[in-house]
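Student: Could you look at this predicted model? Sequence included:
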Amino acid sequence: MEDIYFEIFESLPRQGPGDERSTKKAYQMLTELFEFPEILDVGCGTGAQTLVLAELSSGNITALDNHAPFIEILKRKARQARLEKRIHCVVGDMAAMNFHAESYDVIWSEGAAYCMGFANALRSWKALLKPRGYLVVSELVWFKRETPQEIRDYFTGAYPDMKYYEDIYPVVKSTGYEMIDYFPLPSKSWWTDYYAPAEKKLAEMRRECQSNKDAQSIFDSFQLEIDMHRKYSEYYGYGFYIMRKIAKPET
Ligand SMILES: C[S@@+](CC[C@H](N)C(=O)[O-])C[C@H]1O[C@@H](n2cnc3c(N)ncnc32)[C@H](O)[C@@H]1O
């Protein structure tokens, strides 16, 4: 069944909500970067944001994901864009990255830190950042404290750790970073490169796999996620958190 799941995701321009403009907006908030920063893109997927980062900066980007076929797609795109010399692709686990300590000016992660838990990710990745290095993470959050029961129940199952967007700030502080800025991802970033092509792909695959009940249940659960967003997008979304490593965590 994993194959079906990955067949959907490998076909999409992005593997999660996001857009080029928001990547650029967040990058422009890193006001004290050198000309050739070393950047680590964690959970890069097929690299939608990796290519944007490579165009925005003159530095090197290490792009890491644990799904090898995503990395193969990124390698192809990097070659096509003639950026392969500056984009180093790595298949690996974000929870066990054995890069040199304090070797990155920026760690970037769009929609992927949740895979190991937001606070865990912040703690674990800090050792790889240079002193005063930047950490930029987009994370699924509640935009309102009061939410309808149906969507609250849905995320109790899908992402029980999901926080109100301002409740992330103390986590940032307690894990040893300062908050530089925050902005919510616009609603259309969920659709253009993610849910719209996903719905098209789901419809195609439903026709191809009509007799496969397990596959149909994967399609149903993805469709439910999309329907929930269509109905309740004002209550939750992605927040972009721009942070900076501080010398000592405050507890
Ligand atoms: C929601 S997708 C986001 C992908 C990409 N950043 C984007 O915005 O299009 C999360 C990514 O994290 C990757 N991932 C999940 N668990 C991982 C792990 N333990 N180590 C490395 N990558 C992981 C998935 O393969 C997937 O590509």
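Tutor: Sure thing, it's come through.

Student: Check which residues of stretch 84-97 are buried.
Tutor: Across stretch 84-97, burial judged by 16 or more other C-beta atoms under 10 Å covers 84, 86, 87, 89, 94, 97. Heads up, the C-betas are built off the backbone N, CA and C, glycines and all.

Student: end to end, how far does it reach?
Tutor: Terminal residues of stretch 84-97 are spaced 21 Å apart (C-alpha to C-alpha, to the nearest Å).

Student: which outside residues touch that stretch?
Tutor: Residues outside stretch 84-97 that contact it (C-beta atoms under 8 Å, 6 or more residues apart in numbering) are 40, 42-43, 47, 50-51, 54, 59-68, 71, 74-75, 78, 109, 112, 115-116, 120-121, 124-125, 128.

Student: mind checking how far residue 230 is from residue 104?
Tutor: 37 Å (C-beta to C-beta, to the nearest Å).

Student: okay, the two: which has more neighbours?
Tutor: Using other C-beta atoms under 10 Å as the criterion, residue 230 and residue 104 rank with residue 104 on top: 24 against 12.

Student: And what about residue 76, helix, strand or coil?
Tutor: The assignment at residue 76 comes out as helix when based on DSSP: H, G, I helix; E, B strand; the rest coil.

Student: any weak-confidence spans in the chain?
Tutor: 248-251 (pLDDT under 70).

Student: Mind jotting down where the helices sit in it?
Tutor: Assigned by DSSP state H, the chain shows helices spanning 2-10, 20-28, 48-56, 68-80, 118-125, 149-158, 168-174, 196-208, 213-232.

Student: Nearest residue to residue 16 in space, please, no chain neighbours.
Tutor: In this structure, residue 16 finds its nearest non-sequential neighbour in residue 111, 3.3 Å apart by C-beta to C-beta, 6 or more residues apart in numbering.

Student: State the distance from the one you found to the ligand.
Tutor: As judged by C-beta to the nearest ligand atom, to the nearest Å, residue 111 and the ligand stand 4 Å apart.

Student: List, one by one, the residues from the stretch 51-200 of the chain near the ligand.
Tutor: Neighbours of the ligand within the stretch 51-200 of the chain, by C-beta under 6 Å from any ligand atom: 65, 66, 67, 70, 93, 94, 95, 110, 111, 112, 115.

Student: Most neighbours out of those residues, which is it?
Tutor: residue 110 (31 neighbours).

Student: Now do the same contact list for the residue nearest to residue 16.
Tutor: For residue 111, the contact set (C-beta under 8 Å, 6+ apart) comprises 15, 16, 17, 18, 43, 138, 139, 140, 238.

Student: now, which of the buried residues of stretch 84-97 lie within strands?
Tutor: When DSSP state E defines the strands, the subset of the buried residues of stretch 84-97 inside them is 87, 89.

Student: biggest separation within the buried residues of stretch 84-97, which pair?
Tutor: Across the buried residues of stretch 84-97, no pair lies farther apart than 84 and 94, at 22.4 Å, counting by C-beta to C-beta.

Student: For the longest strand seen in the chain, what is the distance to the chain centroid?
Tutor: If you go by DSSP E, the chain has its longest strand at strand 129-142. Put simply, strand 129-142 sits 11 Å off its chain's centre (C-alpha atoms, centre = their mean, to the nearest Å).
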